[in-house]
Each structure stands twice: as structure tokens, then as C-alpha cells.
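[1] Give the three-dimensional model of this entry:
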Amino acid sequence: MEKSHSRPFPAASGWNTVEREGISISHPARFILIGSGNPEEGELRPQLLDRFGMHAQVGTVRDADLRVKIVEERARFDSNPQDFRETYKTEQDKLQEQISNARSNLSSVQIDRELKVKISKVCSELNVDGLRGDIVTNRAAKALAALKGKDRVTADDVATVIPNCLRHRLRKDPLESIDSGVLVSEKFAEVFS
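    The predicted model follows:
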């Protein structure tokens with residue numbers, strides 16, 4: 001059984017060490033931390049939450065028509081997965097090309113200093129510890145602009161990504177769950193107005 005050697009923040013170092021049967025091998029590795037959880041089962045420690053660049057909040061669909069469509073689509077998939085995939089192939093191919101183009105163009109996307117200052121002001125006024133919130137928001141806004149085929153970040157791009165980049169970084173009452181992003185959106189509106 002392989003196991004990763006425990007060192008402080010191995011993901012941050014850019015190296016992974018695997019030890020097995022007396023052999024130890026280290027290799028460069030780029031990590032992306034992805035996880036899911038139910039807040040009702042308890043919150044993660046702030047130090048670990050801070051390692052997540054963005055936080056997506058998922059809820060149950062309430063619209064009855066949409067719920068029926070989801071159930072029908074699931075039944076269609078169960079009965080013939082290949083046909084189901086073919087239905088969405090064109091759409092998936094288009095999305096794949098859009099993502100590929102965004103990756104290619106990402107390095108040329110610019111974000112004005114004024115927007116960077118406003119992002120940092122939002123982080124500061126929300127008492128976000130450290131600079132990861134600032135960094136992730138800048139990166140996410142650039143990635144969104146690239147996905148949209150633009151070469152410059154706009155305030156709308158920042159508005160779209162900033163709740164997901166900061167809501168899990170806010171200090172909160174221990175009895176509260178992660179903020180829905182309302183506080184972040186309100187602070188964004190105040191700073192960017």
C-alpha cells in the first residue's frame with residue numbers, strides 16, 4: 001500500500017514523496033485540492049479551508065419542473081449511457097474547445113491595477129487573513145475573462161468570482177455555517193461602486 005510521506009504542507013512544496021517496501025521516491029507534483037462535504041457534519045479547520053482556492057455552495061433544486069427533468073435525464077442515462085453522452089457531445093466538444101482556448105490565452109489576459117487594489121480593499125475590509133484571498137480572486141477573474149474570450153478583466157468578472165473566492169475565508173461565529181457569499185457581494189458593491 002502506497003502512502004505519502006507526511007511533511008508540513010507537502011502540496012505547497014511542489015514535491016510528493018511515496019514510500020513503499022523500503023523504497024522512497026520523491027517527484028515534483030502540482031496539486032489541486034478538491035473536496036466535498038456536508039456542513040452539517042462539521043466544519044473544516046480554517047487552516048485547511050484556506051487551502052481551497054474557491055468554494056462552491058450547492059443546494060437542492062427547488063423548482064419542480066427542473067427536478068422532473070433531472071430525474072428523466074438520469075433515467076435516460078441509466079437506460080443507455082452511450083446515447084445519452086452522444087446527445088451532449090456537440091455541447092461538450094464546444095466547451096472543451098472554449099476551455100482549451102482560455103488556457104492558451106490566459107497569460108495574455110490583463111487585470112488593471114485599479115481592480116487589483118479594489119480586490120485587496122474588499123479582502124482587507126472583510127478581515128480576510130493572509131493574501132490567498134487576494135491572489136485567488138485575481139487569478140479566478142483572469143481565468144473567467146479568458147474563458148469569455150476577453151483580454152482584459154472587468155469589474156463584472158470580479159463580481160462573478162469573488163464570493164466563491166472569499167466566503168470560506170471570513171471569520172464567523174462558530175455556530176454559523178459558511179456564509180452564502182452575501183457579505184462578500186455587499187462589500188464588493190460598496191468598494192466597487
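[2] Residues contacting the helix or strand where residue 77 lies, please?
    With elements taken from DSSP states H and E, the one containing residue 77 is helix 64-79. Residues outside helix 64-79 that contact it (Cβ atoms under 8 Å, 6 or more residues apart in numbering): 61, 83-84. C-beta here means a position set from N, CA and C on the backbone, and glycine is covered the same way.
[3] Next one: the residue of the chain most remote from its centre from residue 29, what distance?
    Within the chain, residue 22 marks the point farthest from the mean C-alpha position, 37.5 Å out by Cα atoms, centre = their mean. To residue 29, residue 22 is 22 Å away according to Cβ to Cβ, to the nearest Å.
[4] quick one, phi psi at the most centrally placed residue in the chain?
    Ranked by distance to the mean C-alpha position of the chain (Cα atoms, centre = their mean), the top residue is residue 54 at 3.2 Å. In terms of degrees, to the nearest 10, the main-chain angles of residue 54 are phi -130, psi 160.
[5] and the gap between it and residue 72?
    To residue 72, residue 54 is 31 Å away according to Cβ to Cβ.
[6] re earlier: nearest to residue 158 among the contacts of helix 64-79?
    Comparing the contacts of helix 64-79 against residue 158 with Cβ to Cβ places residue 61 closest, at 27.8 Å.
[7] OK, contacts around the closest one?
    Residues in contact with residue 61 (Cβ under 8 Å, 6+ apart) are 67, 70.
[8] hang on, it in a helix?
    No: residue state for residue 61 (DSSP: H, G, I helix; E, B strand; the rest coil) corresponds to coil; a helix is not indicated.
[9] ok, now which ones touch the nearest residue to residue 14 once chain neighbours are set aside?
    In space, residue 14 comes closest to residue 28 once its chain neighbours are excluded; the distance is 5.8 Å by Cβ to Cβ, 6 or more residues apart in numbering. By Cβ under 8 Å, 6+ apart, the contact set of residue 28 is 14-16.
[10] Beyond the helix or strand harbouring residue 94, next helix or strand please.
    When elements are assigned from DSSP H and E, residue 94 belongs to helix 81-105. Following helix 81-105 in sequence order, the next helix or strand is helix 113-125 (DSSP H and E).
[11] No further queries at this time; thank you.
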